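**Q** Sequence plus predicted model, see below.
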Amino acid sequence: MPDAPDDAPRPPDALQVRSGVHAAPSINPALQRRRRVLLTVDAYVAGVRAGDRGVLSQAITLIESTQPAHQATAQAVLAACLPHVGRSLRVGITGVPGVGKSTFIETLGIRLTAQGHRLAVLAIDPSSARSKGSILGDKTRMERLAADPRAFIRPSATGGSLGGVARQTRETITLCEAAGYDLIFVETVGVGQSEITVHSMVDVFVLLALAGAGDELQGIKRGIVEMADLVAIHKADGSNRAPAKEALRAIRAALHLYPPADSGWTPQTLLCSSLTGDGIDEVWAAIQAYQAHAAETGFFEARRQRQAWHWTQQTVEQTVLRAFYAHPAVQSVLPRLKEEVAGSQRSSFAAAEALWRAFNEPPGATGTTPETP
């Protein structure tokens with residue numbers, strides 16, 4: 001069939017609005033976008049103390065905000081909540097990706113809420129180092145627990161940096177405790193540095209491990225194993241039961257080679273399966289045994305006191321760092337110094353010295369940088 005000439009009349013295009021026909025709006029005019037109204041500090045505190053999950057979520061969003069006004073309100077809310085915190089058990093849960101952390105937390109969490117506990121799950125979600133995007137899929141992975149009225153799940157994106165999310169997680173723990181949650185689970189991304197960060201804010205540190213991958217300790221850094229108060233071989237079911245027992249013996253043997261923990265506690269190693277439910281109660285019993293031991297020896301309170309001072313120091317360091325890079329003199333020389341370092345015209349050490357000199361210059365002084373060594 002020959003092609004139609006260019007000037008031939010064309011059939012009506014369904015994607016074009018014809019003359020005389022009123023175009024329907026692309027967005028439902030009856031749909032009104034609600035603007036979130038900020039509450040007063042007293043209203044936030046009252047809502048959090050009453051266990052209102054909506055208000056709790058809004059208060060956590062304030063903590064995560066970088067706007068100065070939001071931060072001021074968030075700090076006032078935290079200060080008002082401080083007298084009502086400290087009465088929970090904080091449990092860190094880590095393990096390599098694929099070990100089943102979310103499945104384990106959901107299985108154990110449902111049992112604990114059925115016993116009358118109120119559980120908050122704070123999951124540090126990995127972010128793309130390039131786009132800073134994050135899936136934040138923990139509510140999807142824990143559907144049953146997310147629907148439990150006695151549970152609260154809040155993922156936090158790392159944004160490629162653990163410094164900010166660590167502070168946010170620490171402050172979120174404060175709000176959750178003030179809201180009456182007696183159990184706080186903090187799930188790590190399982191990629192190294194986050195384990196150290198989470199260990200510094202929890203009372204009990206649980207390491208989930210897998211069997212059947214050849215070297216049972218492969219992929220688990222020694223430092224993380226040393227931090228663990230409890231090691232649970234997960235997915236110990238079906239044909240994986242026998243390899244799990246072998247992994248159990250290997251990890252127990254390895255733990256005997258490590259120096260004694262400061263708590264005086266000997267880390268326990270157990271088998272468990274979220275699929276069958278076997279061993280889950282035993283893991284919880286071991287967590288409670290550690291809590292009782294730490295409380296009896298005074299290590300529980302001493303550990304929390306050290307953690308509180310540690311986070312005081314971390315907050316000071318982050319505040320000083322922000323003030324340093326926000327200094328007008330530093331901002332004025334920073335682009336040039338970055339170019340010089342990238343072009344090997346100045347060493348990294350010399351660039352750092354130049355930034356420090358700029359930061360310490362008195363107002364109105366003419367900035368100079370040291371000569372290229």
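**A** Looks like it arrived, so ask away.

**Q** ranges for the strands of the stretch 201-350 of the chain?
**A** Under the criterion DSSP state E, counting those that start in this stretch, the stretch 201-350 of the chain contains strands at 204-209, 230-233, 268-271.

**Q** Give me the helices and strands touching the longest one, please.
**A** When you say that, I think you mean strand 204-209. strand 89-95, helix 222-227, strand 230-233, helix 280-297 (3 or more Cβ pairs under 8 Å, 6 or more residues apart in numbering; DSSP states H and E). The way it works is simple: take the backbone N, C-alpha and C, and place the C-beta from them, glycine included.

**Q** Sheet partners, orientation included, of the third one?
**A** What that stands for is strand 230-233. strand 204-209 (parallel), strand 268-271 (parallel) (DSSP bridges).

**Q** Out of the ones you listed, indicate the one that is most buried.
**A** Of the strands paired with strand 230-233, the one with the most neighbours on average (mean count of other Cβ atoms under 10 Å) is strand 204-209, at a mean of 25.

**Q** ok and that one relative to helix 280-297, angle-wise?
**A** Relative orientation of strand 204-209 versus helix 280-297 (axes from the mean of the first three to the mean of the last three Cα atoms, to 10 degrees): 150 degrees.

**Q** quick revisit: which of the helices and strands packed on strand 204-209 sits closest to residue 202?
**A** With Cβ to Cβ as the measure, strand 89-95 is the member of the helices and strands packed on strand 204-209 nearest residue 202 (3.7 Å).

**Q** Restricting to C-alpha, output whichever helix or strand comes after the closest one in PDB.
**A** With elements assigned by DSSP states H and E, the helix or strand that comes after strand 89-95 is helix 101-114. The C-alpha coordinates for helix 101-114 follow below in PDB (Å, rounded to 0.1, in the frame of the first residue of the first chain):
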ATOM      1  CA  LYS A 101      17.900 -10.900  59.400                       C
ATOM      2  CA  SER A 102      14.500  -9.500  58.500                       C
ATOM      3  CA  THR A 103      12.900 -13.000  58.500                       C
ATOM      4  CA  PHE A 104      14.400 -13.800  61.900                       C
ATOM      5  CA  ILE A 105      13.300 -10.400  63.400                       C
ATOM      6  CA  GLU A 106       9.700 -11.000  62.100                       C
ATOM      7  CA  THR A 107       9.500 -14.500  63.500                       C
ATOM      8  CA  LEU A 108      10.900 -13.600  66.900                       C
ATOM      9  CA  GLY A 109       9.100 -10.300  67.000                       C
ATOM     10  CA  ILE A 110       5.600 -11.900  66.400                       C
ATOM     11  CA  ARG A 111       6.300 -14.300  69.300                       C
ATOM     12  CA  LEU A 112       7.400 -11.400  71.600                       C
ATOM     13  CA  THR A 113       4.400  -9.200  70.800                       C
ATOM     14  CA  ALA A 114       2.100 -12.200  71.500                       C
END
